[in-house]
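>>> Structure for the following, please:
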Amino acid sequence: MKEFTSQTGGRYTYIDDMMNLQDLALAFASIFNDCDNFIISGCQVTGNTISAGYVYINGKIRYCSGISSASKWPMYIYESNYFEKVPYADSADKVGRNVYGCALASSVPTVNDSLTGVPPQSISISSDGSATRLQDAFIGKYGLLLNPSKTSQSVNKSVTFNGILTANAGVSSKSNIDLIRGSAKATLSYNASGALTIQSVVSNKTHKLTITEDGEFQFYANNVLLGTINSQGTSLKIAIASDITKGGNLVLTNNHLYNGGFASNDAAININVWGYNGGVTYYRNTNIGDGKGNIIMSVTGANKNVIFNGPVNIAYANIPLTFSHPTLSKTDKTLTHYCLWRDKSGDSLGVMGYTTNTDFHWHIKNYIGSVQIDNDVYITGSLYVKGTNVLESLVSNSTFNTAINKKANAADVYTKNESDKRYVKLTDSITVFVTQAGGGEPGKAAVRAAIGASSIADFNGALHLDQGFQDIVSYGLPASSESGYATKLESRKRALCNTLGAAFYTDIDQRYIKRSDSISIFVSGAGGGTVGQASVCNTIGACTVSAFADAVLKSQGFQDIVSYGLPNVGDPSYSTKLDARKRTLCTAIGAAYASDLGVPPKDTGWIAMTVQNCGITTKLYVRQVGHVVSIQGQLHTHHSGIIFTLPNTIDPPKYEIGYSHNKAGRWHCVIEGGSRDCKVDYCSSGCSEYIGFLMTYIV
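Reported below is the predicted structural model:
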């Protein structure tokens, strides 16, 4: 390695002196050749500000100027390289140095770098300041750090700690954890199916606890499954020996099974109240035996039968046996309770109790014989035999004697023949009284006078309400089949109308208009035809159809005026006559014909466009006059993305146009043909500058 030296008297500085210094710097940077991109110093995050500092990116040490307003996170420090030209003695300017810089943005450009020819490399910085730094990329590559910037470090080979290892934040292992003490070994591991296994091997005996991915606990001894615990319960393949067993509120000890969980008189033990899987899907039966394989009491869940295979002894002083219903009252006939006797085949022998839902009677029935009562029977109510009250069908002594005393003697009454001669039978007619009054018309008149009646002849001459004047109209007229009947009938009706002060219906038809008649009857009465129509229209203040045909309708929008008098659309002369008609109407109202006028050029006026970049607001102004569009104003340059969008009233360029700015760096934007979006096309250290902007194009 060459070192620069000088002595008194002065010496020239040569290019190789500069190269030696550069080689020294490059040698220093080569220390990091095997490292990732990292921050050497600085670049600390405070709020939305990233301070300046030095970074190592793509094998080069670079200066980062920082940023005061980070737009979003994470932010990226990426390489930004370019070359600078310097004057040469033998010709014009040539490339004299390569500049390795960097830039800060919320995204990394995807275009190839002008020096490296590939997309730029970068370093990511989070909002909390975490990023790859010197201690992580360089020192952490060769040793463990006490306070690394990253959340984790990797050691590629085994590590042995001779002292105690204490982890204050937990230990994470992607493989087994072994605990070894002498010949004993314990292992904590996950198998391929995701089950956690805790295994202990002592004196060639293996004991293992496995927790499956479903949460089931499995206990093994020498690889033999002893029992499981899961969400369905506990299953054991070995016996449980215990002086006392508790499950819920139940206690099983010695010969006792009892509810020991509630200090109340309502505590209970429910047997087979629930069934399969603790639900109510299937019925369950309950059997109690004698210890020798025989069932003494059986409860069948499906039909709720309780069968006792032995005598039932009830030892109670007051009410030894009670039949009750859980829902029905005594006033409901559907409440049935009874005792039924059956034989071994299930055939009924007899029944006693409330057996039907049609009455409230207590029934006693022997299906195979009679009912015998061997003692006296005392009945305080009524006694019915085949539905008849026995007491009501028998006569008491006192009632019989009273009735006999009321019987008539034969000497005190008429015989049948005597009664027939003295009284009129119900079957005789009233003619008996007519005959006794002399018979014939005199006899009838005498009977009518006695009962206040009129003769049939008098009744026939009177008016009847149900005839509705028909008997008056037809009174005295000949038969309807005789000639002249219709004339006489009309004369009679007219006479009756005059008497009543009513109008004859034919006279009304001639004097009034029927509802069924059309208004045309007024037209006929006014002379008929167009004369009659005009007269009626004048009377009601209406316009005739012929007069209205020449009227102009508002809904037509002058279309009826324009088309008035023109031929059909299919006529060859229609277009020429339509144009002449329109010109005539324009002349009549003092208007100019559209085709005679020129179209004024488009002028949008100046339209303001607000541009936002990194919290900085600038304004551009755009105007279109005819086919010329001009964009003017001040702009704060973006690094990438869309700068502004033209308003819809401004026509976009037909072909691509662009604008370039080259000062400290290079910056270029374009508007593609047919688009209104102006976006950054290229940026190399040319962003975050205020520039005057002017872009003019023809559409």
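>>> Please settle this for me: is Pro119 part of a helix?
No: using DSSP: H, G, I helix; E, B strand; the rest coil, the assignment for Pro119 is coil, not a helix.
>>> State the distance from the closest residue to it other than its chain neighbours to Tyr78.
Nearest residue to Pro119, sequence neighbours excluded (C-beta to C-beta, 6 or more residues apart in numbering): Thr110, at 5.6 Å. (Each C-beta comes from the backbone N, C-alpha and C, glycine too.) Distance, Thr110 to Tyr78, using C-beta to C-beta, to the nearest Å: 11 Å.
>>> buried sites along the helix or strand harbouring Ala608?
Ala608 is part of strand 607-613, with elements assigned from DSSP states H and E. The neighbour-count check on strand 607-613 (16 or more other C-beta atoms under 10 Å) flags Met609, Val611, Asn613 as buried.
>>> Then stretch 572-581?
Arg581.
>>> send the alpha carbons of it over as PDB?
Extracted in PDB, the C-alpha atoms of stretch 572-581 (Å, rounded to 0.1, in the frame of the first residue of the first chain):
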ATOM      1  CA  PRO A 572     -87.200  13.300 -53.000                       C
ATOM      2  CA  SER A 573     -87.800  17.000 -52.500                       C
ATOM      3  CA  TYR A 574     -88.300  16.700 -48.800                       C
ATOM      4  CA  SER A 575     -84.800  17.800 -47.700                       C
ATOM      5  CA  THR A 576     -84.700  20.800 -50.000                       C
ATOM      6  CA  LYS A 577     -88.100  22.000 -49.000                       C
ATOM      7  CA  LEU A 578     -87.400  21.400 -45.300                       C
ATOM      8  CA  ASP A 579     -84.200  23.600 -45.500                       C
ATOM      9  CA  ALA A 580     -86.200  26.300 -47.300                       C
ATOM     10  CA  ARG A 581     -89.000  26.100 -44.700                       C
END
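>>> any idea of the mean pLDDT in that stretch?
For stretch 572-581, mean pLDDT is 84.
>>> which residues make contact with it from outside it?
For stretch 572-581, the surrounding residues in contact (C-beta atoms under 8 Å, 6 or more residues apart in numbering) are Val562, Ser563, Gly565, Leu566, Pro567, Asn568.
>>> Turn those into a markdown table, including neighbour count and distance to Ser127.
Listed next are these as a markdown table, based on neighbours: other C-beta atoms under 10 Å; distance: C-beta to C-beta, whole Å:
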| residue | neighbour count | distance to Ser127 |
| --- | --- | --- |
| Val562 | 15 | 72 |
| Ser563 | 14 | 74 |
| Gly565 | 8 | 82 |
| Leu566 | 14 | 78 |
| Pro567 | 12 | 81 |
| Asn568 | 6 | 79 |
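>>> Kindly indicate which of the residues you listed lies nearest Lys582.
Val562 (6.3 Å; C-beta to C-beta).
>>> Quick one: residues contacting that closest one.
Shown in contact with Val562 (C-beta under 8 Å, 6+ apart): Leu578, Arg581, Lys582, Leu585.
>>> among those residues, which are in helices?
Leu578, Arg581, Lys582, Leu585 (DSSP state H).
>>> returning to that earlier point: max pairwise distance over the contacts of stretch 572-581: which two?
Pairwise across the contacts of stretch 572-581, and taking C-beta to C-beta, the largest span is found between Val562 and Asn568, at 14.6 Å.
>>> Only the buried residues of stretch 652-662, if you could.
So for stretch 652-662, counting by 16+ other C-beta under 10 Å, buried means Pro652, Pro653, Ile657, Tyr659, His661.
>>> Let's see the distance spanning that stretch from one end to the other.
Terminal residues of stretch 652-662 lie 26 Å apart, using C-alpha to C-alpha, to the nearest Å.
>>> so for it, what's the average pLDDT?
Stretch 652-662 comes out at a mean pLDDT of 93.
>>> about what we covered before: of all the buried residues of strand 607-613, which comes closest to Gly66?
Nearest to Gly66 among the buried residues of strand 607-613 is Asn613, at 17.5 Å by C-beta to C-beta.
>>> which strand residues sit across from that closest one in the sheet?
Ile616 (DSSP bridges).
>>> separation between it and Val622?
The value you get for Asn613 to Val622, if C-beta to C-beta is used, is 18 Å.
>>> With secondary structure added, can I get the buried residues of stretch 652-662 in a markdown table?
Listed next are the buried residues of stretch 652-662 as a markdown table, based on three-state DSSP:
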| residue | secondary structure |
| --- | --- |
| Pro652 | coil |
| Pro653 | coil |
| Ile657 | strand |
| Tyr659 | strand |
| His661 | strand |
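>>> Can you tell me which of these is nearest Leu226?
Using C-beta to C-beta, the buried residues of stretch 652-662 come closest to Leu226 at Pro652, 80.9 Å.
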